[in-house]
Each structure stands twice: as C-alpha cells, then as structure tokens.
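Trainee: Make a model of this:
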Amino acid sequence: MNVVILAAGQGTRMHSNLPKVLHLLAGRPLLAHVISAAQSIKAQRIIVVYRSGGEAVRAKFETNPQPSSAPITWVKQEPQSGTGHAVQQAAPFLDDRWPTLILYGDVPLIQQNTLSRLINAADGGLALLTVELDNPTGYGRVIRREGLVSRIVEHRDALPAELAVKEVNVGIMVAGTTQLRKWLGALTPNNAQGEYYLTDVVKLAFDEGCPVAGVQPDHVWETLGVNSRAQLVELERRFQRVNAQKLLAQGVGLMDPERIDVRGDLICGRDVLIDVNCVFEGRVELANGVSIGPNCVLRNVSVAADTQILAFTYAEDSTIGASCRIGPYTRIRPASTIGKEVHLGNFVEVKASQIGLGSKANHHAYIGDTEIGSGVNVGAGTIVCNYDGANKHRTIIEDGAFIGSDCQLVAPVRVGKNATLGAGTTLTKDAPAGKLTITRVRQSTIENWQRPTKKSPSR
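Mentor: Model prediction:
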C-alpha cells in the first residue's frame, strides 16, 4: 500500500507561526497521528506532501522519527495549486504494484477499521469516504447517479440543488495506482478556485466505467479536520472521551471519564483506580491495584502493584516500586528508582536517586544524586547538597540510617549503616556506622538580655 499524506495546508485560521500539522493533539503532532494510521494498515511506502515554508514539519519528524516499518518520503508542493496538484507531486514516488491511499495531515482521528473497509471496497477501482451531515456547508457534495457515486462538486462550485445534498466527501480515498496516475494527468483547473481538485478524479473514473464506491466511517468524528484552535480543542476532547471509554472497557476505574488526559500510552493492570484531572504523558504503566489521586502528572513512569500515588504528585522518567505511598505534593524527577514500600510525603523532591526498601521521607526534603538503602528515615527539612556550582556529587546513605530533621548532607559524603544524624547537623565528612553524629553549637542562655523595643517617633 502506498499512502500519500497531504500536509501542505497553511492553517491561517490557527493564527500561529507553528505549521498546522505540528499542533498537538493528545501530546503528539496532528501529522504523527496520521502517520500512525498509515502504519496501522501496513503501508509499504509513505509520502508526505508539505508546503513551501513548511520545512519545520519535515525537520520535526526527521529529528524525532516515529517507529515505522515504512520509510517516509518528503515532497514539497510549490506553489500550492490544490489537492490534485499535491498528489501529482507525490506520483513519481508511488509504486504501481500497490494501490494508493490518500490521507490528510490535519485529520488525525481516522481509525484502522474504517481504512481497512475503505481499502477493501476499492477492489482495484476507486473508493472514497463519505459522511452525511445536517449542515454540510463548506464540504464537497457527493453526487450519485442511479445510486452510484458519479462526481464530487465543491461547495463553491455547486448549484442550489447540489447544495441541498447532505452526503459529503471528506477527502480520504483509495485508488489503483496506475489508474490514479492517468486521472491525475487529466485534471484541469476549471473551477472557481483555479486549482487542480483531487475530487475531479471521481468523475473521470465514473465516465470511463470504473466503479466508484462510497464508504461510511464507523464514526463521523474520524473524519473531522482541524482548521482552527476551537476545532483542535473539540478533537482533543473527542480523543480523550474515546480513550476513556477504552480504559473503562478494560476495567480501569475512572472517577470521571471527562477529566482524564492521556498524551501517549497508558497501560493498566487490574483494579487500577484513577481520580480526576490526571495527565499521563509518554508511556505510563500502572500495575495491578495502583491508585492515582487527583491532579497528578505522570510522564514515562512505571508504577508497580498496590502503590498509592496521592494528590498533586508529579513524576517523570522514573520507576516506582510496589506498595509505596507517594505524595501528596511529591515530585520525582528523571532517573530515579523508588524501591518497594517507600513513603515519600508532601513537598519531597527526588532527583536521579535510588531509594531502597521501606525507606521514608515524609515531608519537606530534597534528595538529589543519592543512593539510599533500606529502612532509612529522612527527617523533615533535610536536603542533600549535591551541586557545588559546577559539578554534581553523589551521596550514599546506608541501610537503617536515621537522618534527623533539618540536616544538610554536603556531597560527596557517606552515612554508614545504622548511623544517626542529630537534628540540625551539617554533614561534610562521612558519618560512621552505628554512631550518633551531630554538628551543633552548644545551647546557651544570655542573662540580662533584653529584646529591642521600637523607638518613639521624634517630634
């Protein structure tokens, strides 16, 4: 299968310097969704047609390529002279052994099942996707003759009787490649826009006796495109509703399906419960029995079984073990590994650190570039001073250590097994195992001292 993706639209109604097909839906560019749709039907060749000045589109995908079994060929359309002209630019790169499917870079929700039915309906001829709309304004009308699709009339060129037709063309079509080349060569710009319309191939096919099939999608929303910010928001909510229903069907508990955003892949085990206003980005895995409190953000995180993530937790690029209690208001930064049965409480920040079995930092702590063993207690107000202004340094806290409140560990430093740091300690040298280490000025009371009083204003 050849797939041509038309991505040369200017997107003026987006009022943005960013090319339209690079605007994000569910955390991915619109065009990325369409490329994924092409991959889902096992495309052997993908050709993306982009506009002059749209080099950012090509650069985005060449810098961050999607996993694909088919290479992407990039073709510039210059000038932009209509959809037919755009496909003409792609024609030299098509393989005649396979049919050609035409998709649009700003129609991101098209589903594999619908595309498969459309391809099967073509059966060596031509098939196009159509829908019936109560308000078809702006769409090309599907004109039938004796029940068969005979031509498409664009809205600007339609007569009053044709404007009354509710069945419209959404632009997605499949054709035999050899025939498509012939029809593309016969296109003319004899229309109100002075452009080469791809839809004119329908009449050319019908006139030569080629069967033209009209196929309805499984859902109308699959065919909706993005031309404005408002339409982008509408499709975002549509995508999230569909995704939420899939999660519910898999047994995931959602407190409110209208208040979850998945911007990547969310993989859930059994008896997972997700509260409201949570955002999942990249690849997130939640094992059996995991619960996610409200207003959490998880990006590229794996959470093991029976762990509780409490409200307002932010975690990214990390692994969280089983039976942990994380949050509320915990931040886990990249390259962190949280072991089993760990407690991280409110306003605890962890970065590039490993925390062992059963260790705890229940409130107001910073743990950076640190290796913490099992059964360690980190007191409130403790920070690891890992940065000297130029380089990061490691801290090691061995099993069973007890770190009192308001301690500063100036890396590089090691706290030995079962060592105790007294509250307020500033540790600049290793603390020996099993002993109490304390750095504290001796307490004293100043006799006959009086607190200053406010002076009376001078007159």
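
Trainee: Where do the helices of the stretch 151-300 of the chain begin and end?
Mentor: Taking DSSP state H, counting those that start in this stretch, the helices of the stretch 151-300 of the chain run over residues 160-163, 177-185, 200-207, 229-249.

Trainee: Which one, of those, ends up nearest to Leu18?
Mentor: helix 229-249 (11.4 Å; C-beta to C-beta). From N, CA and C alone the C-beta is placed, and that goes for glycine too.

Trainee: Which elements pack onto that closest one?
Mentor: strand 24-25, strand 253-254, strand 260-268 (3 or more C-beta pairs under 8 Å, 6 or more residues apart in numbering; DSSP states H and E).

Trainee: if we compare the ones you listed, which one ends up closest to Lys392?
Mentor: Across the helices and strands packed on helix 229-249, closest to Lys392 is strand 260-268 (C-beta to C-beta), at 28.7 Å.

Trainee: coming back round to it: ok, and which of the helices and strands packed on helix 229-249 has the densest surroundings?
Mentor: Burial of the helices and strands packed on helix 229-249 is given as mean neighbour count (mean count of other C-beta atoms under 10 Å); strand 260-268 ranks first at a mean of 19.

Trainee: Which residues does that strand contact?
Mentor: With C-beta atoms under 8 Å, 6 or more residues apart in numbering as the contact definition, strand 260-268 has outside contacts at 24, 26-28, 240, 243-244, 247, 250-252, 254, 274, 276-286, 290.

Trainee: Return a ChimeraX selection command for the buried portion of the residues you listed.
Mentor: In ChimeraX, this line selects whichever of these come out buried by 16 or more other C-beta atoms under 10 Å:
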select :26,27,240,243,244,247,252,254,274,276,277,278,279,280,281,284,285,286,290
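
Trainee: contacting residues for Pro328?
Mentor: Taking C-beta under 8 Å, 6+ apart, we find Pro328 in contact with Gly293, Leu310, Ala311, Phe312, Thr313, Gly345, Asn346.

Trainee: between those residues, which has the most around it?
Mentor: With neighbours taken as other C-beta atoms under 10 Å, the top of these is Thr313, carrying 26 neighbours.

Trainee: how about stretch 365-384: buried residues?
Mentor: Buried, per 16+ other C-beta under 10 Å, within stretch 365-384: 365-384.

Trainee: same check, this time on stretch 232-251
Mentor: Taking 16+ other C-beta under 10 Å as the criterion, stretch 232-251 shows Leu232, Leu235, Glu236, Arg238, Phe239, Gln240, Asn243, Ala244, Leu247 as buried.

Trainee: try stretch 194-211
Mentor: Buried-residue list, stretch 194-211, by 16+ other C-beta under 10 Å: 195-206, 210.

Trainee: List of residues touching that stretch?
Mentor: With C-beta under 8 Å, 6+ apart as the test, stretch 194-211 has contacts from 81-88, 102, 123, 125-126, 128, 140, 145, 148-152, 154, 169, 171, 173, 175, 179-180, 183-184, 186-189, 191, 212.

Trainee: what's the average pLDDT for it?
Mentor: Averaging pLDDT along stretch 194-211 gives 91.

Trainee: Repeat that for stretch 124-136.
Mentor: Averaged across stretch 124-136, the pLDDT comes to 92.

Trainee: Output it as PDB, restricted to C-alpha atoms.
Mentor: In PDB, the C-alpha atoms belonging to stretch 124-136 read as follows (Å, rounded to 0.1, in the frame of the first residue of the first chain):
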ATOM      1  CA  GLY A 124      -9.000  -2.400  -7.800                       C
ATOM      2  CA  GLY A 125     -11.100   0.600  -8.600                       C
ATOM      3  CA  LEU A 126     -11.800   3.800  -6.600                       C
ATOM      4  CA  ALA A 127     -13.400   4.200  -3.100                       C
ATOM      5  CA  LEU A 128     -13.900   7.400  -1.100                       C
ATOM      6  CA  LEU A 129     -15.000   8.100   2.400                       C
ATOM      7  CA  THR A 130     -18.300  10.000   2.800                       C
ATOM      8  CA  VAL A 131     -20.500  11.100   5.600                       C
ATOM      9  CA  GLU A 132     -23.900  12.700   5.900                       C
ATOM     10  CA  LEU A 133     -24.100  16.000   7.700                       C
ATOM     11  CA  ASP A 134     -27.100  18.100   8.800                       C
ATOM     12  CA  ASN A 135     -25.100  21.200   7.900                       C
ATOM     13  CA  PRO A 136     -22.700  20.300   5.000                       C
END
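
Trainee: wait, which of the buried residues of stretch 194-211 is closest to Ala161?
Mentor: For the buried residues of stretch 194-211, the nearest to Ala161 is Lys203 (17.0 Å; C-beta to C-beta).

Trainee: Nothing else from me, thank you.
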